[in-house]
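Asker: Test case, fold it:
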Amino acid sequence: ELAHINFEMYCCLNLSFLKREKNFENKKYYLIQLLQDDSELVFSVWMRWGRVGKIGQSSLVTCGVDLLKAKNIFKKKFLDKTKNEWDNREHFEKVPGKYDIVKMDYSTNKKTSEGKHPSIKYKDSKLKAQVQDLINLICNIQTMEECILEMKFDTQKAPLGKLTEEQIKAGYMSLKKIENCIKKNATGKELLEACNEFYTRIPHDFGILLWHGSRLSNWVGILTKGIYFADMSSKSANYCFANRQKNVGLLLLSEVALGECNELLAADYDAASLPSGKHSTKGLGKRAPDPKNMVTLDEASLLMGPAINTGVGNPVGYSLLYNEYIVYNPQQVRMKYLLKVQFNFVSLW
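Answerer: So this is what the prediction gives:
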């Protein structure tokens, strides 16, 4: 039998609960739906609950033609899980240890394929052919979609469905609370409550725990902000993520005013807070272009030639293989050359 959801009485609830003393984490959801049979006026209440990302358990309570009974069951369950009255949900207040409402977007986005509107006549571009090719390369919708797929982005990132803009903004405000806790070294109850609030507002399905390894230099980029540069094109080329099937990428050569560099041998999560008199951060690598081969291009220095060992000592070993430069003020950067490059993948066998 088929039934449809009564959208006047449908809710998605989420609860994330962290306990520091027991190292305990619990992320749960609870769905409540009032259903109406497609063929006749028969009503039921369907409920599903479990850990976020799991199917969990479900229950269906049939109410026959008694719509009032179905509504009362729905409201009672909502009150039990949230300690809020359904009819007063516009003034919902989160109760500690109880579920919160997750506001969902139930609209459907109908994908419009390219070339769907043949009646639209586009004006001829006045850009040079090379510039047109570049714009087509970086604005290609199919390429963007393939990139999303390569990043393994799917609905599991929002396991309970599509969130509303309002819900996402609420999650962002929760992240700001977490950031403020970290800045003032608040590691107790205040931080736990901020984390609980975020994971309740933005449900996450973390799946299973798996190991991931990355160079220490990467974590600075993950945890802070800055504009990254390298003095070797091969270093920057790695971040194009080209492959044999898509072997074209873009490299940007910029004129960067480094000023006085704060030189580091290892990752520093507070690197963005530069010491007095310093204007940028330089992560010292094991290898770098030979400074003897430096050339001047449009009054700016450009390092050329094969890499050599820098001779920079680090008793515990290098964090970086190559030099990395980070500036935190965009005004220190002037973009000069955008290179479209083709990668040549030589077979190892």
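
Asker: What are the neighbouring residues in contact with the residue lying closest to Thr296 once chain neighbours are set aside?
Answerer: Spatial nearest neighbour of Thr296, excluding adjacent residues (CB to CB, 6 or more residues apart in numbering): Leu302 at 7.3 Å. (C-beta placed from N, C-alpha, C; glycine too.) Shown in contact with Leu302 (CB atoms under 8 Å, 6 or more residues apart in numbering): 294-296.

Asker: if I look at Leu302, how far off is Met232?
Answerer: With distances taken as CB to CB, to the nearest Å, Leu302 is found 12 Å from Met232.

Asker: low-scoring pLDDT stretches of the stretch 151-300 of the chain, where are they?
Answerer: Within the stretch 151-300 of the chain, the stretches with pLDDT under 70 are 151-164, 167, 200-226, 298-299.

Asker: Neighbours of Ala257, how many?
Answerer: 13 (other CB atoms under 10 Å).

Asker: What residues does it make contact with?
Answerer: 279, 327, 332-333.

Asker: List of residues touching stretch 123-143?
Answerer: 114, 246, 248, 250, 338, 340.

Asker: Could I have the CA atoms of the top helix by length along the chain written out in CSV?
Answerer: If you go by DSSP state H, the chain has its longest helix at helix 165-183. C-alpha atoms of helix 165-183 as CSV (Å, rounded to 0.1, in the frame of the first residue of the first chain):
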residue,chain,number,x,y,z
GLU,A,165,19.8,27.6,4.8
GLU,A,166,18.6,28.6,8.3
GLN,A,167,19.8,25.3,9.8
ILE,A,168,23.2,25.7,8.1
LYS,A,169,23.6,29.2,9.5
ALA,A,170,22.7,27.9,13.0
GLY,A,171,25.5,25.3,12.5
TYR,A,172,27.9,28.0,11.6
MET,A,173,27.1,30.0,14.7
SER,A,174,27.8,26.8,16.7
LEU,A,175,31.2,26.5,15.0
LYS,A,176,31.9,30.1,16.1
LYS,A,177,31.2,29.1,19.7
ILE,A,178,33.7,26.3,19.4
GLU,A,179,36.2,28.6,17.9
ASN,A,180,35.8,31.1,20.8
CYS,A,181,36.2,28.2,23.3
ILE,A,182,39.5,27.2,21.6
LYS,A,183,40.8,30.8,21.5
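
Asker: If you count contacts, what does it end up packed against?
Answerer: Judged by 3 or more CB pairs under 8 Å, 6 or more residues apart in numbering; DSSP states H and E, helix 165-183 is in contact with helix 189-201.

Asker: Now do the helix it packs on: which elements does it pack against?
Answerer: Going by 3+ CB pairs under 8 Å, 6+ apart, helix 189-201 lies up against strand 3-19, helix 165-183.

Asker: List the buried residues of that helix.
Answerer: 191-201 (16 or more other CB atoms under 10 Å).

Asker: Which one of those is nearest to Leu274?
Answerer: Nearest to Leu274 among the buried residues of helix 189-201 is Leu191, at 26.6 Å by CB to CB.

Asker: For the closest one, which non-adjacent residue is closest in space?
Answerer: Using CB to CB, 6+ apart, the closest residue to Leu191 is Cys181 (4.3 Å).
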